[in-house]
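**Student:** Kindly generate the corresponding structure for this input.
(one chain, ligands or ions: 1)
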Amino acid sequence: MRFAKKDVLDMESLSVEEIQAILDTAETLKEISTRPIKKVPTLRGKTVIHFFYEPSTRTRTSFEIAAKRLSADTVSISASTSSIAKGETLVDTAKNLEAMNPDAIVVRHRAAGAPHMLARIVEASVINAGDGMHAHPTQALLDMMTVREKKGSLAGLTVAIIGDITHSRVARSNIVGFNKMGATVILAGPPTMIPMGIETLGAAVSYHVEEAIKDADVIIVLRIQKERQHAFIFPSEREYAQCYGLTKEKLAGAKDDVLIMHPGPINRGVEIAPEVAEGPYSVILEQVTNGVAIRMALLYILLGGPR
Ligand code: CP
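**Tutor:** Predicted coordinates:
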């Protein structure tokens, strides 16, 4: 399949065929990370800038590793150590980065739409590594890869997404992505954490975790994003854990072959009990492993082949 896009910005703009091509490519490239010498020359001579305005462990590290495994040269910029700290705007920063002729810019920003704006003003490929509460397409792709690996296909599955939906770019990208691939999505969480009208993205809503997970093939538990909550939207972490946290007791009503996922970082004992996060149904660390493969696939597709 010919991938005609310059950028990967959200799940809405990827077609089913493009998602399938990314997942297939990631599946092939995953093997490179298991070799004694984990490097191929595919992107030799290409330059990738990782431009993170918000903290990150998994996304930033896996993009960096992905680029290096494909032999691209990488440069990392963070808000605190660049001239952004002196007040330089995103547009000026982008124009200056573009003047150094990179091939791709991977960007995480607190403002929704920042990667889209960047993509319009630079010639380099832009990959959205998470923009505000809007989108996190590479997370959705690695989640879909993990589920497809375990279940064989995505069509016909039921995916329950539990927790702080309002503040979650992961939820939005997963709702759109899983829907496109033929899965059914159900959301559950406190009413204060489920935005009105979210059903229009293609998800059913429940306010009871037990109800949402009973027929689920996959449960994606979301982190409570305290850094984005500006109002008092749940009484206490203890109460949240009791009512909405995924515990062994709640999981007893789920399917025998359910997969438990979490994008990380985890608030242990709040949205998920430690014994569930580390239990037999959990594929949380496999998600992280697949994160490298998905990011290798995106860099390879955008920079390695004829577009
Ligand atoms: N899932 C995710 O985006 O994790 P990081 O914030 O550590 O990158």
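**Student:** My guess is residue 179 contacts residue 202. True?
**Tutor:** Yes. Counting by Cβ atoms under 8 Å, residue 179 touches residue 202, with 4.1 Å between them. To be clear about C-beta, it is placed using only N, CA and C from the backbone, and glycine gets the same treatment.
**Student:** which neighbours do those two share?
**Tutor:** Taking Cβ atoms under 8 Å, 6 or more residues apart in numbering as the contact rule, residue 179 and residue 202 both touch residue 185.
**Student:** Which one's more surrounded, those two?
**Tutor:** Between residue 179 and residue 202, residue 179 has the larger neighbour count (other Cβ atoms under 10 Å), namely 17 against 14.
**Student:** for the record, mean pLDDT for the helix or strand containing the more buried one?
**Tutor:** According to DSSP states H and E, residue 179 maps onto helix 169-180. For helix 169-180, mean pLDDT rounds to 98.
**Student:** just stretch 33-49 next, same as before
**Tutor:** Averaging pLDDT along stretch 33-49 gives 97.
**Student:** list the buried ones in that stretch?
**Tutor:** 42, 43, 46, 47, 48, 49 (16 or more other Cβ atoms under 10 Å).
**Student:** Please narrow those to those residing in strands.
**Tutor:** Counted as lying in strands by DSSP state E, out of these, are 47, 48, 49.
**Student:** Could you save the residues you listed as CSV and add columns showing distance to residue 125?
**Tutor:** Output for those, formatted as CSV (distance: Cβ to Cβ, whole Å):
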residue, distance to residue 125
47, 11
48, 9
49, 11
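**Student:** of the residues you listed, list those near the ligand.
**Tutor:** Of the residues in those, proximity to the ligand by Cβ under 6 Å from any ligand atom holds for none.
**Student:** give me the low-pLDDT residue ranges for the stretch 101-250 of the chain?
**Tutor:** Scanning the stretch 101-250 of the chain for pLDDT under 70 picks out 227-235.
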